Structure formats: structure tokens, C-alpha cells
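In: show me the folded form of this:
(one chain, ligands or ions: 1)
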Amino acid sequence: MYTALKDQLTAELAEIEQAGTFKHERVISTAQSNRVTAGPVGRDGAEVLNFCANNYLGLADDPRLVEAAKRALDERGFGMASVRFICGTQDLHLQLERAVSDFLGTEDTILFASCFDANGAVFEPLFGAEDAIISDALNHASLIDGIRLSKAARFRYRNADLEDLRTQLEAVAALREGKGARRTVIVTDGVFSMDGYLAPLEGICDLAEEFGALVMVDDSHAVGFMGATGAGTPEHFGVSERVDIYTGTFGKALGGASGGYVAARGEIVAMLRQKGRPYLFSNSLAPSIVAATLTALELIEGSGELRATLFRNAELFRRRMSEEGFELLPGEHAIVPVMFGDASLAAKVADAMLEQGVFVTAFSYPVVPQDRARIRVQLSAAHTEEDVETAVQAFVASRDAVQDGQDG
Ligand SMILES: *Cc1c(COP(=O)(O)O)cnc(C)c1O
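Out: Numbers count the residues shown, from 1 in each chain. Got it, this is the predicted structure:
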């Protein structure tokens, strides 16, 4: 039986390789940090500066998180060997849920093994056949998948386009012979990861109010550092109270291990504890991760220093790269896309960067629009100013080397 499938898969894999979209992994043999030792599978790595992790606050190898995790390992063991509702809820899980609620200013929070799971859990129990879900066209894959699991009518608006959002809301209002949907929710990423652009949350909340819709924000690329206290894009835009459902990850700024959450009104969270399938049928978060994530939140709430360092680095990088004549997408986020347009040019520059000792990743179609290939640089509070300048110099040298290669 397998022979036919083997041949088909081999051919399909070769096609992916030929199209230049095969994802080759680099193997890191150190902790995740501003400097890592990384190399291709099966070969020795070299020490490189890392500018492609979501380690925004530099907490991924922070000794205080490591210590908290070790303490939890000693006191609470390695794993829970249960889902939450059978025998997998420790006091630590409840503490983290409380801490996230306090941090975001919501009534309650429910933990998941990942934000992918949180987004997979949230729609199906809350939105049925009489309801409507309106989703930004560039929303994260986990939102798209989660929405597919619900029976609600689905609508999509062009990325961050409030006019098109209005059009979709009007289409929802016309459903069921003008009765509209029973419930409508507008769903958006807080930050779009390929551009570093923020969702226009004020306008979205205004439209939601006008049309009687709920607002849901997946703030994975913002929680912990955007906004005055790090509570994310709703805080940044001053609309925290107008957002009904927050989802996010612990796998980026908040220590980077794993885990995700839905934070919302009490009844919404209560319903997800009863009916959210990834909550009911998947294992509890490991105690060491829960404890270290609690420490991450304490660190963030106790001081704005990490956030300040992150934004200083992002600003410095944006300014220096502009001075060196690179085209950047504008913004303030720690995601800084360096635009090359041509896919092979972006890939060649990224390869040259690695030879210069700087680890960055090129993205091209279909991940980003055709002819909008880029290198996505991600700054971290773990970077020093010297690291940032080293990266800028590597960009200059790599651009020159690739251009010389093409001229010659
Ligand atoms: C990273 C990301 C996720 C996935 O988070 P995990 O916890 O790693 O599953 C979901 N949504 C958005 C917007 C993300 O950026």
C-alpha cells in the first residue's frame, strides 16, 4: 500500500524544493538568546547574532525564569498526566489564569497548550449556525482554522481595511432576510506578523459598536510589550475595555516556552471550560512552564525596562537602516521588514547575512504578496546597541556582496 503514497510524496516534496519554498531548519545548540550557535541539519553550527526569534523581551533564557521553572520541577514534578478537568489543575494554573486576567484587565482567563489551541477552541462553542464571524484577510492560520470549526457564516475583509469591514458588517446585517446574525464577532490579529503593522483597533471597535458586534483580538505578537504596561495593542490604542475576547501566546514575549490563553468575560471563559475541545481533550500545561510564565508576568509588571530596551533597539535599527538606504515598512513594532521585492535577491542577502554572522530570514510569495519579498528582522531586549549596529553593517556588506555578484 505504502509504495504508491511514497512515490507521490517524494514527487510532491521535490516540487516544493524546486519551487524554492522548502523549509530547511537550522539547528540551534545553545539556549535561545541574542547569540546562538546554529547550523544546517547534520553540520556544526557557528555562533551568530539572532534577529529572527519572537524573543521580544529576551526572557527565553532569563535566569529568573529558569530558576522559577526549576523550583516548580522540584516542588510540582514534571508533568500533570491529565487534562484540566479530570485531575490536571494545580493551584499554579489558577494563579496564572488570575495573573493574565489582572494583566489584561479581563474578568477571567483560560489556559491552553498553545495559542493555536486557544484559537481552535474559542469559536465552535460560542458561534453557531445563526451567527457570523468576520475575519481580517491576513489573520493567523490558527484563527482561520478555528473559524472553520464553527458553523457560523464566515466573512472576510481586506487587511486592516475599515471600509471593507463596514461592507462585510452590512452583509451580515442582511442575513436571514434582514434579521442579521444572532451574534457577530470581528476577529483580528493585534499585529500582523509579516508587516509589523498594527490592526486599526479604534476603528474596528467603533464599527463593532455601530453594528452591535463583538471584537476579538489575537495579540500574540504584542502581549507583554505593546501598550503603556505591556498589555498589548488594545492598551496601545486605549480600547482595552471595548475588546471582548483576547487570545495570545506565552511562546513569544512571555518567556517563549509554550502555552496560550483566552481572556474574556466570566461567562465566555466558563463556557470554554465546558465546551472548548482543545481544553477538554488535551493535556494541562506543565507546572514548570506555568511557574516561569508567572515570573515573566511579574517581571513585566514590575518594570518597564525590558520594554524600553526593546523599543530603543527597534528605533535604532529602523533609523540606522534608513540612513543606509534600505527600504523598510514603516512602523514602531519590533518586527522590521527590510524590503527587497525580488524573492531571490532577499534570499541571497539572507544567506550572505548568515556568512557575516547574523541570522535573519527571508520571506517571499506565497507567505507575502508577489514581488514584496523581504527579510523580516525582529528586535529583542536581549540585543545590545552593538548587536544592532553589527546587524546594520552586515546588511550593508551583504547588499554590496550580492550586488557585486550580480554585476559581475
Ligand atoms: C504565534 C502566533 C500564534 C500561535 O501561538 P502558539 O502559542 O505558538 O501556538 C497564534 N496567533 C498568532 C497571531 C501568532 O502570532
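In: which parts of the stretch 251-400 of the chain are helices?
Out: For the stretch 251-400 of the chain, the helices defined by DSSP state H, counting those that start in this stretch occupy 266-275, 277-280, 287-302, 305-323, 343-355, 385-407.
In: so which bits of the stretch 1-150 of the chain are right by the ligand?
Out: S114, C115, F116, H140, S142 (C-beta under 6 Å from any ligand atom). Yep, even glycine has a C-beta here, placed from its N, CA and C like the rest.
In: the second one contacts G248, doesn't it?
Out: Spelled out, that is C115. Yes. Using C-beta atoms under 8 Å, C115 makes contact with G248 at a distance of 6.0 Å.
In: the more surrounded of these two?
Out: Neighbour count, other C-beta atoms under 10 Å: between C115 and G248, G248 has more, with 29 against 26.
In: are we agreed that that one is in a helix?
Out: No. Counting by DSSP: H, G, I helix; E, B strand; the rest coil, G248 is not part of a helix but strand.
In: distance of it relative to the ligand?
Out: Noted for G248: a distance of 8 Å to the ligand, by C-beta to the nearest ligand atom, to the nearest Å.
In: now that residue. Nearest residue, chain neighbours left out?
Out: Once flanking residues are discounted, G248 sits nearest to V223: 4.2 Å by C-beta to C-beta, 6 or more residues apart in numbering.
In: mind listing what the one you found touches?
Out: L104, G190, G230, A231, G232, G248, T249, K252, A253, L254 (C-beta atoms under 8 Å, 6 or more residues apart in numbering).
In: coming back round to it: find the residues that touch each one of C115 and G248.
Out: In terms of C-beta under 8 Å, 6+ apart, C115 and G248 are both contacted by the residues D218, S220, G260, Y261.
In: can you tell me which of those residues are up against the ligand?
Out: D218, S220, G260.
In: so the second one sits right up against G256, yeah?
Out: No. Between S220 and G256 there is no contact under C-beta under 8 Å: 11.6 Å.
In: which of those two has more residues huddled nearby?
Out: Legend: neighbour count by other C-beta under 10 Å for S220 and G256, higher for S220 (29 against 24).
In: residues in contact with D91?
Out: By C-beta under 8 Å, 6+ apart, D91 has no neighbours at all.
In: equivalent analysis for G260, please.
Out: Shown in contact with G260 (C-beta under 8 Å, 6+ apart): 111-119, 220, 247-251.
In: now do 7 Å
Out: By C-beta atoms under 7 Å, 6 or more residues apart in numbering, the residues touching G260 are F112, S114, C115, F116, D117, A118, T247, G248, T249, F250.
In: gap between it and P369?
Out: Separation of G260 from P369 (C-beta to C-beta, to the nearest Å): 28 Å.
In: show me where pLDDT drops low in this protein?
Out: 408 (pLDDT under 70).
In: so which of the shared contacts of C115 and G248 are in strands?
Out: Within the shared contacts of C115 and G248, residues falling in strands by DSSP state E are D218, G260, Y261.
In: now name the helix or strand holding S135.
Out: Using DSSP states H and E, S135 falls within strand 132-136.
In: contacts for that strand next, please.
Out: Counting by C-beta under 7 Å, 6+ apart, 123, 127, 143, 147, 150, 152-157, 159-160, 165, 168-169, 172, 175, 181, 184-189, 199 sit against strand 132-136.
In: buried ones among these?
Out: 123, 127, 143, 147, 150, 152-153, 155-157, 159-160, 165, 168-169, 172, 175, 181, 184-189, 199 (16 or more other C-beta atoms under 10 Å).
In: circling back: what's the closest of the ones next to the ligand among the shared contacts of C115 and G248 to the ligand?
Out: Nearest to the ligand among these is S220, at 3.3 Å by C-beta to the nearest ligand atom.
In: who are the contact partners of the residue lying closest to the closest one once chain neighbours are set aside?
Out: Setting aside the residues directly before and after it, S220 is nearest to T249 in space (C-beta to C-beta, 6+ apart), at 4.3 Å. T249 sits next to S114, C115, S220, G260 when contact means C-beta under 7 Å, 6+ apart.
In: that older thread, let's see if you can find the most crowded of the residues of the stretch 1-150 of the chain next to the ligand.
Out: That'd be C115 among these, by other C-beta under 10 Å, with 26 neighbours.
In: show residues contacting the helix or strand where R154 lies.
Out: In this assignment (DSSP H and E), R154 forms part of strand 153-157. Contacts to strand 153-157, defined as C-beta under 7 Å, 6+ apart, come from residues 132-137, 147, 164-165, 168, 171-172, 175, 181.
In: relative to the strand holding S135, what are the paired strands and their orientations?
Out: strand 153-157 (parallel), strand 184-189 (parallel) (DSSP bridges).
In: let me have those strands in JSON lines, adding distance to I86 as columns.
Out: Listed next are these as JSON lines, based on distance: least, C-beta to C-beta, whole Å:
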{"stretch": "strand 153-157", "distance to I86": "34"}
{"stretch": "strand 184-189", "distance to I86": "30"}
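In: wait, which of the ones you listed is closest to the ligand?
Out: strand 184-189 (4.6 Å).
In: identify the residues contacting that closest one?
Out: So strand 184-189 is contacted by 127, 131-136, 139-140, 143, 147, 165, 172, 199, 204, 208, 211, 213-218 (C-beta under 7 Å, 6+ apart).
In: helices - which of the residues of the stretch 1-150 of the chain next to the ligand land there?
Out: C115, F116, S142 (DSSP state H).
In: domain map for this protein?
Out: When the chain is parsed with automatic domain parsing, its domains come out as 12-57+304-407, 63-300.
In: for P125, which non-adjacent residue is spatially closest?
Out: In space, P125 is closest to K275, 3.7 Å off (C-beta to C-beta, 6+ apart).
In: what separation do you get for that neighbour and the ligand?
Out: According to C-beta to the nearest ligand atom, K275 and the ligand sit 20 Å apart.
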